[in-house]
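S.K.: Got a predicted structure here, sequence first:
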Amino acid sequence: MLSTEQAPPISVPLRFFAAAPLFLVLAALILLSSDTNPFTDSHSPAMLAVTHCITLGFIGMVMTGAIQQILPVVIGSPMPASRHVVWLTHLPLITGTLSLSFGFLLGKSELLNFAWMLLGFGFLIFIASSLISLYRAPAQNPTKTAIFFSIVALTATVSLGALLARGYATGMQLDYPQLAAIHISLGLGGWVLLLIIGVSYQVVPMFQLTPNYPKWLTTGLSPALFTALILLAASRLFDATMLSVIAKLLFVSLTACFALITLRLQNQRRRRVADATLSFFRLGMISLLLAILCELIAAFRPEPFKTLSVVIFIMGFVLSVIHGMLYKIVPFLVWFHLFRGGIKKGVPNMKEIIPEIWMWRHLWLHIATLLATLLTCIWNAAIHLAAFGLALEGLLLCFSLYTGIAVYRRTLNALHEHA
Amino acid sequence: MSSLAEYMSTDHKACDAAFALAEEAALDNHWEQAQTAFNAFSDNTGRHFRMEEEALFPAMLNAGGPAGPVQMMLMEHAQMNDLIEQMAVALANKNAKTYGGLSETLLIVMQQHNLKEEQILYPIADRVLAAERESLLTRLKAI
């Protein structure tokens, strides 16, 4: 169900998308200046700063912007007070992430305290308005269910994150490793994965003319995944080993199911032309399978496989899928907002908005960055290569997105002059 | 006898198949093949639009169906027709790059349009036109 007539102004999603790549550049700069390595100390202050630049600053920023587009258009239910929500989520997310990262990096408790309040406030607004929008949505569909569970997982992720940051700032006695593990699994496995799953139900068949996802999967997957995550969190809190094994196996097999079925659907696509965004998406699904494999091996050999699993999940799965989506959605949004309301001459087609060649270059750059990051596992100096690649990725994405925005502005002006 | 939703949705898939063939051939610079597939796509789509504009939509409006969504669909038909005309020109000029860009754009417009029809409009049609479904299907097939 798509109600494009309810689409928010283009500036709503684009302001999030345009800010996000800068956090990749910042993450890279921190990596380069601090000489930290995720495989030697994944919880060093500098690594925490880098991780949150990527997860909150990039991934969280894009996803928060995307939901403000998805709820009105895909679910058919606008955000309440959407104009205010945009400001009250965008600015706190930027300032909160900056202050969190520098709080970790410089060991300043004032910054950490400022950060959890800002981020808590921004996400509270975002979560409340998303839930109201979901509640008001006219129809039930699997994407809506997945987004609902994703938002619930986000709520828990943010609450735990705020608690951890506050504890970190004040030196409060907390079981940090345990709470951090729940924070990470609900953030990545819940909020991020469930949203990607919900959106995939819509875009995978649409963009490549594949068959639809099977009905049993779209109905059952997101509630089952969410249940597995809750069981996993409970097993950690109550130290129940057996439950933890069952929950983890359930989570891993459900996730593998999603990745394998997505790859199979894409193999059955009727649209056979080469498409960089499709390659990004498939790279993402293959990475998801690899991340799962590492998670399984980690049961027998925790390091480096535990870290490897998280690194591949973030860099290989999430970043690839997000890049693929942005390179498809942004040109379409620009075209759609220029063309809406009737036939107009002189509107560029999607491939004239962000040149395709840059998408392919970005794909290769992303693969190289991913390989360099994995190399860090055995060769410490590769971290510089990985950081350099990440910085270039941020800059290239900025360049592509700003090119698209410039085409939008230029064409809009030309259309107004003709009118 | 199938429902209106089933009949019209199956027709969407037939349009998709020709669309994909034309795009692939054009990007490979196989212009003759591209032209054949494009003609099939353009004919199929033209017929599909006529089924809706001449028979299905007027019948829905007569039976008290919602005017707003129908109006929206008609506007999107006009947008798609405009893109298809531009694609015909790109094809005549053997310009693979322009064809590819237009085709990419049309794909998303067309797919989101089809989803709206299949998930919202056609089920409404089946509801408000239950009594005259068989005669309407016969008319649709004759177009």
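M.R.: Cool, the structure landed. Numbers count the residues shown, from 1 in each chain, chains lettered A, B, ... in the order given.

S.K.: Can you point out the buried residues in the strand or helix carrying residue A:266?
M.R.: Residue A:266 is located in helix A:241-267, with elements delineated by DSSP states H and E. By neighbour count on 16 or more other C-beta atoms under 10 Å in any protein chain shown, the buried set for helix A:241-267 is A:244, A:247-248, A:250-252, A:254-255, A:258-259, A:261-262, A:265-266. C-beta: built from backbone N, CA, C; applies to glycine.

S.K.: Can you point out the buried residues in the following helix or strand past it?
M.R.: Under the assignment DSSP H and E, the closest C-terminal helix or strand after helix A:241-267 is helix A:276-298. If you call a residue buried by 16+ other C-beta under 10 Å, then helix A:276-298 has these buried ones: A:276-295, A:298.

S.K.: Next, the angle helix A:241-267 makes with helix A:276-298.
M.R.: Interaxial angle, helix A:276-298 versus helix A:241-267 (axes from the mean of the first three to the mean of the last three C-alpha atoms, to 10 degrees): 160 degrees.

S.K.: what about residue A:140, which SS state?
M.R.: Secondary structure, DSSP: H, G, I helix; E, B strand; the rest coil: residue A:140 is coil.

S.K.: tell me the contacts of it?
M.R.: Residue A:140 makes no contacts at all, as judged by C-beta atoms under 8 Å, 6 or more residues apart in numbering or on different chains.

S.K.: next one: residue A:412
M.R.: Here residue A:412 is in contact with residue A:338 (criterion: C-beta under 8 Å, 6+ apart).

S.K.: Then residue B:37?
M.R.: Neighbours of residue B:37 in contact, by C-beta under 8 Å, 6+ apart: B:18, B:21, B:22, B:25.

S.K.: Could you do residue A:354 as well?
M.R.: Taking C-beta under 8 Å, 6+ apart, one finds A:327, A:330, A:331, A:400, A:401, A:403, A:404 in contact with residue A:354.

S.K.: Okay, and the last one sits in which element?
M.R.: Right, the one you point to is residue A:404. Here residue A:404 is assigned to helix A:382-418, by DSSP H and E.

S.K.: residues in chain B within reach of chain A, list them.
M.R.: B:16-17, B:19-20, B:23-24, B:27, B:72, B:75, B:78-79, B:82, B:86, B:97-98, B:100-102, B:104-105, B:107-108, B:111-112, B:115-116, B:119-120 (C-beta under 8 Å from any C-beta of the partner chain).

S.K.: pLDDT averaged over stretch A:399-410, what's the number?
M.R.: Averaged over stretch A:399-410, pLDDT sits at 95.

S.K.: what comes into contact with it?
M.R.: Identification of contacts with stretch A:399-410 by C-beta under 8 Å, 6+ apart yields A:10, A:14, A:17-18, A:21, A:326-327, A:330-331, A:334, A:337-338, A:348, A:352-355, A:358-359, A:362.

S.K.: hmm, 10 Å instead?
M.R.: With contact meaning C-beta atoms under 10 Å, 6 or more residues apart in numbering or on different chains, stretch A:399-410 is reached by A:10-11, A:14, A:17-21, A:323, A:326-327, A:330-331, A:333-335, A:337-338, A:347-348, A:350, A:352-355, A:358-359, A:361-362.
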